[in-house]
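Peer 1: How does the following fold in three dimensions:
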Amino acid sequence: MADRQEKTPELPGVKDIENPLLTKEVETDNELKIWLVDYVGRKHEPEDGQVTVEMIVESMAQEFPDFLLVVAEENWLRGYRQGIYDVEEGMRLAKEQGHETPFDSAEPIQEDSEE
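Peer 2: Residues are numbered from 1 along each chain as shown. The predicted structure is shown next:
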């Protein structure tokens, strides 16, 4: 029997993923946005005069990285929590429909007891 090795799918790199929201022009519909767009516009001096979300993120990363780090960490934690919930809910629904789940046949992990 020939060894069959499944190829692990390759994840796209950061440069392979484009977020259209990054190039969106920021509308100045409140005082904070007016100030921030003005500040970032003076810093980046875009040729067309339009300040984008990407420019604001770049400025924040350079000048206020601790703010972005907190936002990124919170986003990661929420995404991780949602992923765990989705897996648990999917397994529950699969069991309800009579499907076998990957952990049905697994033996429980036994912890070493300290004597």
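
Peer 1: centroid residue for the protein?
Peer 2: In the chain, the C-alpha nearest the mean C-alpha coordinate belongs to W76, at 5.7 Å (C-alpha atoms, centre = their mean).

Peer 1: which residues touch that residue?
Peer 2: The contact partners of W76, by C-beta atoms under 8 Å, 6 or more residues apart in numbering, come to none. Bear in mind the C-beta positions are built from the backbone N, C-alpha and C, glycine included.

Peer 1: Report the separation between H44 and M55.
Peer 2: From H44 across to M55, the span is 5 Å (C-beta to C-beta, to the nearest Å).

Peer 1: domain parsing for the chain?
Peer 2: Following automatic domain parsing, the chain resolves into domains at 20-63, 65-97.

Peer 1: rewinding a little: neighbour count winner among H44 and M55?
Peer 2: Each of H44 and M55 has its neighbours counted (other C-beta atoms under 10 Å); M55 has more, 20 against 15.

Peer 1: OK, contacts around that one?
Peer 2: 40, 44, 46.

Peer 1: now those residues as a markdown table including pLDDT and secondary structure?
Peer 2: What follows is the contacts of M55, written out as a markdown table (pLDDT from 0 to 100; DSSP: H, G, I helix; E, B strand; the rest coil):
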| residue | pLDDT | secondary structure |
| --- | --- | --- |
| V40 | 97 | helix |
| H44 | 95 | helix |
| P46 | 95 | coil |
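
Peer 1: Would you mind listing the buried residues in stretch 57-73?
Peer 2: By neighbour count on 16 or more other C-beta atoms under 10 Å, the buried set for stretch 57-73 is S59.
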